[in-house]
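Curious how this folds, go ahead:
(one chain, ligands or ions: 1)
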Amino acid sequence: MKSTKSFSARDIMGSKGIKPLVMVTAYDALMASMCEESGCLDMLLVGDSLGNVVAGQTSTLPVTLDDILYHARCVRRGASSMFLVADLPFMTYPYPRDRALEAICRVMQDTGVQAVKMEGASPAILELVEQSVQMGAPVMGHIGLTPQQQAIDGLRRKGRSEAEAQALLEQGLALQAAGVFALVLECIQQDVAATITRTLRIPTIGIGSGPRCDGQVLVYSDLLGLTRDPPPFVKPLANMRHMVMETLRAFKSQVEAAGQVSTHAPPKISH
Ligand code: KIV
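Next up, the predicted model:
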C-alpha cells in the first residue's frame, strides 16, 4: 500500500494562521487522481456524503464501514501521496468502545488514510478521540450540523441562540483538549464560527459557516456544479452537469452522423 511521504496531522495543525486549508471530498480513484494532479489541495475527505453523492441515498445514515473501506481504498489508489481523512460512519462509534477502536484500526490499516473524522462532542466521543490519538490514529472533529444526528436534531443551521453559540465554543475547546488536529464547522452562524476559529489553537475547516475559518471543505460534486440541487450555501464554480449532458448529446450526434445506426434488417441466424 502506498502512503504519503511524511505529511502528518501535525503539519495540518501547523498551518493555522499561515495558510488557508483547502479540502474537498473524493470517493473514487478518478476524482482523487485529478485532485492530486491539481496540486492545490491540502487534504481529501472520504466523506460519508458518498451515501448521497454516489449511492443516491437521501442521508448518510445507510453508509456502512465496508462502504467507507471500499471508497477510501479507491481514493488512496488515485491519490497515492495526498493526506486523506475518512469518515467513521453512523453507528460504528463511540460504542461499544472496542468495536469503535476496531473500526478506526480497519479504516487506517486497510485503506492507508492518515486520519478519521468523527461527528459530535459527547463525553463518549471525547474519550474515544483521546484513546484513538494515544494509539496513533489522528482524529478530525466535526461540530455544528452533524448529519449523523439528523434523526435526533434535524438538519438545521447552528449557533443562532447565544446558548447554542456558547455550547459550540465549549465543544470546540473540549475536542481540542481531547486531541483533534482540526475541526470541521458545518452550517454554523458566521460570527460564531469566527469566534471558535479565533479561540482555538487547531485549524477550523468551514462548510457553510462563512469565510472566517482557517480553511474550507466542500463536497466536490457541489463545487463542480454536478449536483442537481446543491445546498444553498454553495456557489458552484463550474456547471459540469450541463457539460456532461452536452457531451453525451454530442456523442449521440457523432454516432448518428457516422451512420452507425444500422437501417438494414439484421442477418438471419440459422439454427
Ligand atoms: O461527509 C462529508 O462530506 C462531510 C463534509 C460535509 C464535511 O462530512
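
Show me the shaky parts of the stretch 1-150 of the chain.
1-6 (pLDDT under 70).

what do you get if the cut-off is 50, keeping everything else the same?
1-4 (pLDDT under 50).

show me where it has helices.
9-14, 29-38, 50-53, 65-78, 97-111, 123-134, 150-153 (DSSP state H, counting those that start in this stretch).

hmm, the fifth one touching the ligand?
No. Judged by CB under 6 Å from any ligand atom, helix 97-111 and the ligand are separated, with a smallest distance of 13.8 Å. Where C-beta positions appear, they are placed from N, C-alpha and C, glycine not excepted.

31 is where my numbering starts, stick with that
Sure thing, new numbering starts at 31, so read that last one as helix 127-141.

what angle do that helix and helix 153-164 make?
Helix 127-141 runs at 40 degrees relative to helix 153-164, counting by axes from the mean of the first three to the mean of the last three CA atoms, to 10 degrees.

chain center to helix 127-141: distance?
18 Å (CA atoms, centre = their mean, to the nearest Å).

just so I know, which of the helices of the stretch 31-180 of the chain lies nearest P260?
helix 80-83 (10.9 Å; CB to CB).

list the helices and strands that closest one packs on?
If you count contacts as 3 or more CB pairs under 8 Å, 6 or more residues apart in numbering; DSSP states H and E, helix 80-83 packs onto helix 95-108.

Apply 6 Å and report the result again.
Using 3 or more CB pairs under 6 Å, 6 or more residues apart in numbering; DSSP states H and E, no helix or strand is in contact with helix 80-83.

OK, contacts around the one residue in the stretch 31-180 of the chain that gets nearest to the ligand?
Closest to the ligand within the stretch 31-180 of the chain is G77: 2.4 Å, counting by CB to the nearest ligand atom. Under the criterion of CB atoms under 6 Å, 6 or more residues apart in numbering, the neighbours of G77 are 55, 117.
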